[in-house]
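Peer 1: Kindly return the folded structure for what I paste below:
(one chain, ligands or ions: 2)
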Amino acid sequence: MSKQNKPMDEHIQNGSLLGKKLNRRDMLRLTGASGLGLLLGGSAIGGIMGTRENTPSSAVALDNTGGDIIPFHGSHQAGILTPAQNFLVFAAFDLTTVKLPEVRKLLESWTTAAASLTSGKLIGDANDNLNLPPSDTGEADGLQPSRCTLTFGAGPSLFDARYGLAALRPAQLADLPPFAGDSLDPKWCRGDLCVQACADDLQVAFHAIRNLARIARGIAVLRWTQEGFQRTGAADPKGSTPRNLLGFKDGTGNPEVSDNAEMDRVVWNSSSDGPAWMAGGTYMAVRRVRLRIEVWDRSSLSDQEATFGRHRKTGAPIGATDEFAELDLKVQDKSGKPLVPPDSHSALAHGDGTVKMLRRSYSYSSGLDPVTGQLDAGLLFISFQRDLLKQFIATQQRLAASDRLNEYMVHTGSAVFACFPGIREGGYIGQSLLG
Ligand SMILES: C=CC1=C(C)c2cc3[nH]c(cc4nc(cc5[nH]c(cc1n2)c(C)c5CCC(=O)O)C(CCC(=O)O)=C4C)c(C)c3C=C
Ligand SMILES: [Fe+2]
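Peer 2: Residues are numbered from 1 along each chain as shown. Ligands and ions are numbered 1, 2, ... in the order given. Predicted coordinates:
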């Protein structure tokens, strides 16, 4: 059971279920494929999900039928602590207007549309009029909501000279410096706005982005998109930690999303962090990382494990057997060598263990590189953090300098966004910035 795919209904969020105190192991057992389902019954769970705001506790991944709705409104945006859905369509937009009121109008229109898209409803009121183009493009008509979430953010360029917002740019929304080994292609970089669409159905996620782009006509255009996937809930009903395309469990070391205090430390901005408009928001780092799959596939299992500092089968740190065993970088073998190589990805990413981020990445596969004939496949790395400089940038600087994994990957795309605070009923996306 992966940490982020664990159901986190309020009945277990605070470590107690029906009055009984639970330890971590109990929680893991209970949140297995049948545990909570048997205790509460499928419909009870669906009801809970459909009525509560988008706190992680409402983001329960128990239902493989696609009927679950993740509430769009709440104190934080959905799609951040939400257990990762099966599919992603990530979209970066460029604004084509120079008028701030038009940007506001777009975000208001997106809000109305997003509330419908995430609840499985058709958007607009012109879907039956034979004399008009339908307001919804229709390909998700009849499909389940599929836990669709839409998460919106503003890139650093929104704060340039065009809209008079420069003074409101948060210091934490730092431009990324060049990192050693980067091979960035502008066609997968930057963006004035972003929308992360996630759903348990790719057509549902695609439909959301397509319709948001359609609504934006005349105000914003798509700049780049990337689809992503992980194993589906149907293929892994137990919800184990997903494996990346190198075959390793990816997400084990994430902080616990059900721990509100930890999320306040790692992910959410408070009003004392920076501009008031970001309170309840978070900063997103996106890196399109191509994996040199063909080279990796020729390396030995022991090299692969040394590269990550973890065992492939279990995901446990080298020398341990439990996936969630503490990553103890001081443990040595008989000859005094650290069991987890200091230049392994896990060791370097972990550092001294005090700086964390919440990773929510998806694998991608985008056909063949026409020049080399090799697969263009890898990871759309996505992380959420309170401060890009202190968290993402500091970590990526260490990784870029000496990560063993660098031999097998190259960063080809890059963007950062300030993800707005949650949207309250009657409000609109980005209202704290533009209202
Ligand atoms: C700067 C941040 C990071 C980038 C970029 C990154 C790329 C990247 N990672 C994997 C696979 C794994 N990463 C793992 C752990 C891990 N990675 C980061 C950060 C970045 N990764 C962190 C903070 C951690 C957690 C470290 C810890 O404290 O334990 C792992 C191990 C399992 C796990 O914990 O998830 C894997 C596997 C790939 C393939 C990749 C780029 C393509
Ligand atoms: Fe990593």
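Peer 1: For burial, what's the neighbour tally of Glu262?
Peer 2: Using other CB atoms under 10 Å, Glu262 is surrounded by 14 other residues. C-betas here are computed from N, CA, C, even on glycine.
Peer 1: actually Val371, not the one I wrote
Peer 2: Count around Val371 with other CB under 10 Å applied: 6.
Peer 1: How about the contacts made by Arg386?
Peer 2: Arg386 makes contact with 172, 265-269, 273, 282-283, according to CB atoms under 8 Å, 6 or more residues apart in numbering.
Peer 1: could you dump those to CSV with distance to ligand 1, secondary structure and neighbour count?
Peer 2: Output for the contacts of Arg386, formatted as CSV (distance: CB to the nearest ligand atom, whole Å; DSSP: H, G, I helix; E, B strand; the rest coil; neighbours: other CB atoms under 10 Å):
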residue, distance to ligand 1, secondary structure, neighbour count
Gln172, 16, coil, 22
Arg265, 14, helix, 12
Val266, 11, helix, 22
Val267, 13, coil, 24
Trp268, 18, coil, 22
Asn269, 19, coil, 25
Asp273, 20, coil, 16
Thr282, 15, strand, 29
Tyr283, 13, strand, 27
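Peer 1: Just give me the least confident of the residues you listed.
Peer 2: Within the set of the contacts of Arg386, pLDDT is lowest for Gln172 (92).
Peer 1: leaving aside the residues next to it on the chain, what's closest to it?
Peer 2: Asp387 (4.6 Å; CB to CB, 6 or more residues apart in numbering).
Peer 1: ok, so what distance separates that neighbour from Asn269?
Peer 2: 8 Å (CB to CB, to the nearest Å).
Peer 1: on that earlier part again, distance of the residue nearest to Gln172 relative to ligand 1?
Peer 2: According to CB to the nearest ligand atom, to the nearest Å, Asp387 stands 13 Å off from ligand 1.
Peer 1: Number the chain from 21, please
Peer 2: Yes, from this point I'll number from 21; that puts the last item at Asp407.
Peer 1: Quick check, that residue in contact with Asp293.
Peer 2: Yes - Asp407 lies in contact with Asp293 (CB atoms under 8 Å); the separation is 7.5 Å.
Peer 1: Now do the shared contacts for these two.
Peer 2: Common neighbours of Asp407 and Asp293 (CB under 8 Å, 6+ apart) are Gln192.
Peer 1: Buried residues, stretch 230-250. List them.
Peer 2: Within stretch 230-250, the residues that qualify as buried are 230-233, 235-236, 239-240, 242-250, counting by 16 or more other CB atoms under 10 Å.
Peer 1: Restricted to helices, list those residues.
Peer 2: The members of the buried residues of stretch 230-250 that map onto helices under DSSP state H are 230-233, 235.
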